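S.K.: give me a 3D structure for the following:
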Amino acid sequence: MPLERRLQVLGSGTEEEFMKTALKVAFASTDMKSVNQHFGAASAFAIYAVDRDQAHLVEVVQFQDVRSAAEAGGRNEDKLAAKIDALAGCVAAYSQAVGASAVAQLKARNIQPVKVSAGSAIGELIASLQEELRSGPNAWLAQAIRRHTRTDAGRFDAMESEGWEE
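M.R.: The predicted model follows:
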């Protein structure tokens, strides 16, 4: 199921600082309002950037229909790899259900699979995630934050090469 379309929301330069600290999360959705798809069969994901206080839709990725991919000579085994590649940079992927193979592949890419009830409102899931960020994240979220804020190991070498003046 190859990636068919990637739509990015372009914002003003004032959002640049927000994007440096926000976590990206994906929601398997056809209507961009609720989680209504199984991860492996998802035809689209809404990707949001979320921090404690705000959330912005930053991207929508859409995939070719399984039937049309098969008709075009595509293989369904490749559908997970294409989806997981499209979610690079996300810390979590919310869906109605997710198979064991997808769970293993997502975790290998540091993306936490999150299973929610069919029809869960994306806005409510984001609000819950923000509340967790404010009150103290659970284990997977804390680990995602650490990975997201981890800085370059060579940053001190770069600072030293700039010199020091008092």
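S.K.: name the helix or strand for Gln26, please.
M.R.: Small correction: residue 26 is Ala, not Gln. strand 23-28 (DSSP states H and E).
S.K.: ok, now Phe45?
M.R.: strand 44-50.
S.K.: and the closest residue in space to Ile126 that isn't next to it in sequence, what pLDDT?
M.R.: Distances taken as C-beta to C-beta, 6 or more residues apart in numbering put Ala55 closest to Ile126, at 4.7 Å, once the chain neighbours are dropped. Backbone N, C-alpha and C define where each C-beta goes, glycine included. What the model reports for Ala55 is a pLDDT of 93.
S.K.: can we start the residue count at 31 from this point?
M.R.: Got it, first residue is 31 now, which makes that one Ala85.
S.K.: beta partners of Ala85?
M.R.: Beta-bridge pairing of Ala85 under DSSP bridges involves Val80.
S.K.: just the one 4 residues further on next, same as before
M.R.: Beta bridges link Glu89 to Gln38, Ile77 when assigned by DSSP bridges.
S.K.: quick one: it and Leu33 touch, right?
M.R.: No. In this structure, Glu89 is not within contact of Leu33 by C-beta atoms under 8 Å, at 11.6 Å.
S.K.: which of the two has more residues huddled nearby?
M.R.: Each of Glu89 and Leu33 has its neighbours counted (other C-beta atoms under 10 Å); Glu89 has more, 19 against 13.
S.K.: ok, the more buried one - contacts?
M.R.: The contact partners of Glu89, by C-beta atoms under 8 Å, 6 or more residues apart in numbering, come to Arg36, Leu37, Gln38, Val39, Ala76, Ile77.
S.K.: could you do Met49 as well?
M.R.: Contacts of Met49 by C-beta under 8 Å, 6+ apart are Ala79, Val88.
S.K.: buried stuff in the helix or strand hosting it?
M.R.: If you go by DSSP H and E, Met49 is part of helix 46-51. In terms of neighbour count (16 or more other C-beta atoms under 10 Å), helix 46-51 has its buried residues at Phe48.
S.K.: would you mind pulling the contact partners of the strand holding Phe75?
M.R.: 48-49, 52-60, 62, 67, 85-93, 113, 116-117, 120, 123, 152, 156, 159-160, 163.
S.K.: thinking again about what came up before, among the contacts of Glu89, the buried ones, what's the PyMOL command?
M.R.: Burial among the contacts of Glu89 is assessed by 16+ other C-beta under 10 Å; the matching PyMOL selection reads:
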select buried, resi 76+77
